[in-house]
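> Test case, fold it:
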Amino acid sequence: MKLSEQEFLTLINQHKGILYKVSRMYFDNLEDQQDLFQEIVLQLWKSLDSFKGKSQFSSWMYRVALNTAIIFFKKEKRKPDNFGPIKIEPVALDAYNTDKDLQLVHFYKAVKELNKVEKALIFQFMEGLSGKEIAENLGLSEVNVRVKINRTKIKLQEIIKAQGYEF
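All right, here's what the predicted structure looks like:
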């Protein structure tokens, strides 16, 4: 399936929420999130020929985005950090400081402690993908996906509880 540049950009725009969520799951720093977002779009464009239209564009996009995020994250971890950790909280959290914002802060902080497979699982689960779709995206069996999702949910609850917060 051959897409024009305009069709590609339209699809990216329709599904950009996926890219923002993947970027936020892997990085706290807004600048790193933006860099990862751009890297994902670049990799999507470069690998567009591999999209055959046999699955939904969003499913293919998940696979490319998660693989790109994992590779990008590994590269970033190896870079020396001369300035120490810099955390930039999203403006919305400072501006509104509602219970939902607080829940999101704790949730994303907990997600950072998950391994790459657990992050991918929980992200796709939250997006409403079926067990079958997640299994296909990650190359796992459906049974394995169900087991891993349940274990990951429990792990997230334990991490959040250890942070001193409960939903």
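> which residue is nearest the middle of this protein?
Centroid-nearest residue in the chain, with Cα atoms, centre = their mean: Val22, separated by 2.1 Å.
> which residues touch the one helix or strand that residue maps to?
Val22 is part of helix 16-26 when elements are defined by DSSP states H and E. Helix 16-26 has contacts (Cβ atoms under 8 Å, 6 or more residues apart in numbering) with 12, 32-34, 36-37, 40-41, 58, 61-62, 65-66, 69, 72-73, 108, 111-112, 119, 123, 126-127. Placement of C-beta: from N, CA and C, glycine included.
> so of those, which ones are in helices?
Here DSSP state H is the test, and these give 12, 32-34, 36-37, 40-41, 58, 61-62, 65-66, 69, 72-73, 108, 111, 119, 123, 126 as lying in helices.
> Can you select the buried ones from those in PyMOL?
Of these, the buried ones can be selected in PyMOL as follows, counting by 16 or more other Cβ atoms under 10 Å:
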select buried, resi 12+32+33+36+37+40+41+58+61+62+65+66+69+72+73+111+119+123
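> Report the contact partners of the residue nearest to Glu133 when sequence neighbours are not counted.
Among residues not flanking Glu133 along the chain, Ser59 sits closest, at 6.0 Å (Cβ to Cβ, 6 or more residues apart in numbering). Ser59 makes contact with 129, 133, 136-137, according to Cβ under 8 Å, 6+ apart.
> out of those residues, which one sits closest to Gln163?
Comparing the contacts of Ser59 against Gln163 with Cβ to Cβ places Leu129 closest, at 27.0 Å.
> Least confident secondary structure element in this structure?
Here the helix or strand of the chain ranked lowest by mean pLDDT, DSSP states H and E is helix 91-96, holding a mean of 40.
> Identify the residues contacting stretch 140-148?
Here stretch 140-148 makes contact (Cβ under 8 Å, 6+ apart) with 117-118, 121, 131-132, 134-135, 138.
> Of these, keep whichever come out buried.
Among these, those scoring as buried are 118, 121, 131, 134-135, 138 (criterion: 16+ other Cβ under 10 Å).
> least confident pick among those?
The member of the buried ones among the contacts of stretch 140-148 with the lowest pLDDT is Leu138, and it reads 82.
> That one reaches Lys119, doesn't it?
No - checked against Cβ atoms under 8 Å, the pair Leu138 and Lys119 is beyond contact range at 11.0 Å.
> which residue sits closest to Trp45 in space, ignoring its chain neighbours?
Closest residue in space to Trp45, ignoring its immediate chain neighbours: Phe8 at 6.7 Å, by Cβ to Cβ, 6+ apart.
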